[in-house]
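Enquirer: Can you look at this prediction? I've put the sequence above it.
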Amino acid sequence: MVVTADLALYIHIPFCRRRCGYCSFISFDSRGDDIELYLRALKTDIAHHAGNERLTSIYFGGGTPSLLSVEQLAGVLGAVSHSFSVDETAEISMEANPGTIDEGYLSAVRELGINRLSLGAQSLDERELRLLGRIHTKTEARESIRFARSAGFGNVNFDLIYGLPGQSVQDWRSTLEEMLTLAPEHLSLYSLTLEPEAPMWRALKDGYLPDIDPDIAAGQYEFAEDLLAAGGYRHYEISNWAKEGYECRHNLTYWQNKPYLGVGVAAHSWLGNHRLASTGDIDEYLASFASGASLLPEMDEEISPELELAETVILGLRLGSGIGIDNINNRFSIDLMAHYGRTIREMTDSGLLEFAGGRLVLTRRGRLLSNEVFWRFLPDNIPAKVT
Ligand code: SF4
């Protein structure tokens with residue numbers, strides 16, 4: 001096979017044991033009987049996208065991919081290698097939830113070639129875990145990393161959430177300090193974001209939970225920045241920290257605005273200047289692919305060069321290393337400073353962006369106010385170009 005390009009592959013597994021109170025991802029907690037049918041559809045989906053690209057990363061996300069048996073995971077990986085060339089150094093990640101895994105399971109998963117584990121711990125505080133509606137206890141969250149180590153995983157991520165109702169900076173500090181003793185290679189820290197369909201959103205609106213205080217959340221974020229820097233983690237993306245060399249290669253594809261293919265229900269792709277999304281309706285997905293038919297994307301948006309430039313700048317600014325001005329100029333055949341000169345000057349004057357060795361990066365304050373920066377780079381918001 002002649003390899004034509006590198007590609008990242010995302011595989012969505014939309015099943016969970018129970019829905020968490022804050023969740024607005026596409027996942028189902030009462031469709032366990034459909035897993036086999038879904039996997040059959042998924043394999044057809046993968047086969048329909050077969051190509052000459054080389055996969056540099058594969059990411060099982062969800063949902064709860066660790067609800068799949070080892071045989072089911074092997075079947076999906078088999079379908080992937082049948083349809084694509086997989087780079088021998090590919091990063092192959094799987095999200096796994098504490099309470100659904102043990103050492104034997106993870107050892108078998110590791111033997112399949114999955115070499116990075118992302119543990120959805122979310123907190124190491126029993127009260128917070130109950131508040132979030134997680135299925136696991138603090139002990140199970142701690143155990144999950146021990147299981148991962150015993151199974152041979154040397155690249156483990158821990159997901160944690162801050163900005164919870166009633167969570168103080170001290171509560172957050174306790175979780176972070178305890179997490180540091182577990183020494184994962186990678187950390188993803190997310191501020192709680194609630195969509196109206198999430199039960200916690202309703203509970204907040206109806207006054208059953210204390211309001212989320214954005215100032216406390218900002219303080220928690222800054223506390224994490226300092227603590228993790230002292231702990232040897234590199235803050236390489238707004239919400240992500242890693243030990244040197246353990247940055248998530250799959251997610252870097254997104255932030256570098258490079259091509260990726262998503263398969264499964266509600267999966268998104270970025271291919272050949274098109275942003276695509278498959279249906280979020282699992283019944284439609286099953287009915288179409290299970291019969292071997294093809295399913296047109298629910299969304300297919302052609303991205304103009306102007307919007308691609310804006311998105312590349314915005315995504316790149318999420319990175320600790322920011323954007324290389326020469327890289328952007330070469331990739332889009334433009335002069336970035338002429339194109340965005342006024343916006344960049346305003347943002348640097350406000351202390352939200354700064355130049356560092358030919359790169360443009362968010363300042364510490366800019367990371368806290370990143371959305372204030374990002375929207376200004378969208379095509380409709382660019383002031384008259386400065387020459
Ligand atoms: S485990 Fe993740 S995907 Fe599943 S319900 Fe909870 S937050 Fe949503």
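Expert: Nice, thanks for sending it over. Numbers count the residues shown, from 1 in each chain.

Enquirer: Run through the residues that contact the closest residue to Leu362 other than its chain neighbours.
Expert: Leaving aside its sequence neighbours, Leu362 sits nearest to Leu317 (Cβ to Cβ, 6 or more residues apart in numbering; 5.7 Å). C-beta here means a position set from N, CA and C on the backbone, and glycine is covered the same way. Taking Cβ atoms under 8 Å, 6 or more residues apart in numbering, we find Leu317 in contact with Ile323, Leu353, Leu360, Val361, Leu362, Ser370, Val373, Phe374, Phe377.

Enquirer: Same question for Asn157.
Expert: With the criterion set at Cβ under 8 Å, 6+ apart, Asn157 makes contact with Ser93, Arg116, Leu117, Ser118, Leu119, Pro184, Glu185, His186, Leu187, Ser188, Cys248.

Enquirer: Surely it is in a strand?
Expert: Yes - membership of Asn157 in a strand is supported by DSSP: H, G, I helix; E, B strand; the rest coil.

Enquirer: That one and Leu182: what is the separation?
Expert: 12 Å (Cβ to Cβ, to the nearest Å).

Enquirer: What helix or strand is the residue nearest the centre of the chain located in?
Expert: What sits nearest the mean C-alpha location of the chain, by Cα atoms, centre = their mean, is Asn251, with 6.2 Å. Per DSSP states H and E, Asn251 falls inside helix 249-255.

Enquirer: quick one, helices of the stretch 51-200 of the chain?
Expert: Here the stretch 51-200 of the chain has its helices, by DSSP state H, counting those that start in this stretch, at 70-83, 103-111, 126-132, 138-150, 169-182, 199-205.

Enquirer: Can you convert the ones you listed into TSV and add a column each for mean neighbour count, distance to the ligand and mean pLDDT?
Expert: Output for the helices of the stretch 51-200 of the chain, formatted as TSV (neighbours: other Cβ atoms under 10 Å; distance: least, Cβ to the nearest ligand atom, whole Å; pLDDT from 0 to 100):
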stretch	mean neighbour count	distance to the ligand	mean pLDDT
helix 70-83	17	17	98
helix 103-111	17	17	98
helix 126-132	17	8	97
helix 138-150	19	13	97
helix 169-182	16	17	97
helix 199-205	16	11	94
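
Enquirer: average model confidence for the lengthiest helix in the chain?
Expert: Taking DSSP state H as the criterion, the chain has its longest helix at helix 214-230. The pLDDT scores in helix 214-230 average 97.

Enquirer: Give me the distance from that helix to the chain's centre.
Expert: Relative to the chain's own centre, helix 214-230 is displaced by 20 Å; criterion: Cα atoms, centre = their mean, to the nearest Å.

Enquirer: cool, stretch 171-189 as well?
Expert: Distance of stretch 171-189 from its chain centroid, counting by Cα atoms, centre = their mean, is 18 Å.

Enquirer: Please list the residues outside that stretch that contact it.
Expert: Stretch 171-189 is contacted from outside by 118-119, 121, 123-125, 128, 142, 145, 154-162, 220-221, 223-224, 227-228, 231, 233, 239-243, 246-248, using Cβ under 8 Å, 6+ apart.

Enquirer: Alpha carbons of that stretch, as CSV, please.
Expert: Taking Å, rounded to 0.1, in the frame of the first residue of the first chain, the C-alpha atoms of stretch 171-189 are listed here in CSV:
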residue,chain,number,x,y,z
ASP,A,171,-11.0,20.8,48.2
TRP,A,172,-9.4,21.1,44.7
ARG,A,173,-6.0,21.3,46.3
SER,A,174,-6.6,18.0,48.2
THR,A,175,-7.6,16.2,45.0
LEU,A,176,-4.6,17.6,43.0
GLU,A,177,-2.1,16.8,45.7
GLU,A,178,-3.4,13.2,46.1
MET,A,179,-3.4,12.8,42.3
LEU,A,180,0.3,13.9,42.2
THR,A,181,1.2,11.0,44.5
LEU,A,182,-0.3,8.7,41.8
ALA,A,183,2.1,10.2,39.3
PRO,A,184,0.2,9.9,36.0
GLU,A,185,2.2,11.0,32.9
HIS,A,186,-0.6,13.3,31.7
LEU,A,187,-3.4,15.3,33.2
SER,A,188,-6.6,16.8,31.7
LEU,A,189,-8.3,19.4,33.9
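
Enquirer: Many thanks, we can stop here.
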